[in-house]
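Student: Here you go, sequence then predicted model.
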Amino acid sequence: MGTADFEDFEQLYQTYYMQVYSFLMALSKNKDLSEELTQKTFVKVLTAKKPYQGISSEGTWLCAIAKHLFLEELRRQKKDSGDLAGGLVIGEEPKKDLEEALVEEDSAFRVHQVLHQLEEPYKEVFQLRVFGELSFQKIGRLFGKTESWARVTYHRARLKIQERMEKL
């Protein structure tokens, strides 16, 4: 891998790490699994024989890879548990069946599509609150603003996401 390739990969990683991690958190609701699968996603990109084709956005492409890895993990968990009739387990939360898991996954992906297009600071505040599980006080401190600013910005972000989801 050349220096330019590594710099491109580093930029890709820096740009999309949180989006891929957030997408996986929405699917699995398990921090450890989400971190592991996010890392596997970027390793897969780094070691892929076929480069990015440019058919979809890079974020969508990365989330598709992450989704594939997530589904592989579901199948592995199902096989390891010997449960061939359903009852998939993701982290601590049981899933009734694969159809339900896929419906939730599709819904989560649409939320992330909307979130990806959300302007700053709404996008970052929402991600820090929901996926980073930070308090409003800490979010305000990160931005050099007040706790009230963080609360208002988060609630505006939620409203923007809801409005855009209704249009999909």
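Tutor: Structure's in. What do you need?
Student: Break the protein down into its structural domains.
Tutor: Domains of the chain are assigned by automatic domain parsing as 1-96, 118-168.
Student: centroid residue for the chain?
Tutor: Closest residue to the average C-alpha location of the chain: Phe23 at 1.7 Å, with CA atoms, centre = their mean.
Student: quick one: average pLDDT of the helix or strand hosting it?
Tutor: Assigned by DSSP states H and E, Phe23 belongs to helix 3-28. The average pLDDT within helix 3-28 is 77.
Student: what would the domains of the chain look like in a markdown table with distance to Val111?
Tutor: For glycine as for every other residue, the C-beta is placed from the backbone atoms N, C-alpha and C. Compiled in a markdown table, these are given as follows (distance: least, CB to CB, whole Å):
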| stretch | distance to Val111 |
| --- | --- |
| domain 1-96 | 7 |
| domain 118-168 | 7 |
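Student: Of those, which is nearest Phe109?
Tutor: Nearest of these to Phe109, taken as CB to CB: domain 1-96 at 6.5 Å.
Student: ranking the domains of the chain by mean pLDDT, which is last?
Tutor: Among the domains of the chain, domain 1-96 carries the lowest mean pLDDT (a mean of 73).
Student: and Lys145, helix, strand or coil?
Tutor: Classification of Lys145 by DSSP: H, G, I helix; E, B strand; the rest coil places it in coil.
Student: Give the burial count for it, as a bare number.
Tutor: Using other CB atoms under 10 Å, Lys145 has 15 other residues around it.
Student: tell me the phi and psi of Phe126?
Tutor: Here is the backbone geometry of Phe126 (degrees, to the nearest 10): phi -60, psi -50.
Student: and the closest residue in space to it that isn't next to it in sequence, what does it touch?
Tutor: Spatial nearest neighbour of Phe126, excluding adjacent residues (CB to CB, 6 or more residues apart in numbering): Ala157 at 4.0 Å. Applying CB atoms under 8 Å, 6 or more residues apart in numbering to Ala157 gives the contacts 118, 122-123, 125-126.
Student: With Tyr154 instead?
Tutor: Applying CB under 8 Å, 6+ apart to Tyr154 gives the contacts 125-126, 129, 136, 139.
Student: Please dump these into CSV; it should also carry neighbour count, secondary structure and distance to Lys31 for every row.
Tutor: As requested, the contacts of Tyr154 are exported to CSV (neighbours: other CB atoms under 10 Å; DSSP: H, G, I helix; E, B strand; the rest coil; distance: CB to CB, whole Å):
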residue, neighbour count, secondary structure, distance to Lys31
Val125, 29, helix, 20
Phe126, 23, helix, 18
Arg129, 21, helix, 15
Phe136, 19, helix, 20
Ile139, 23, helix, 18
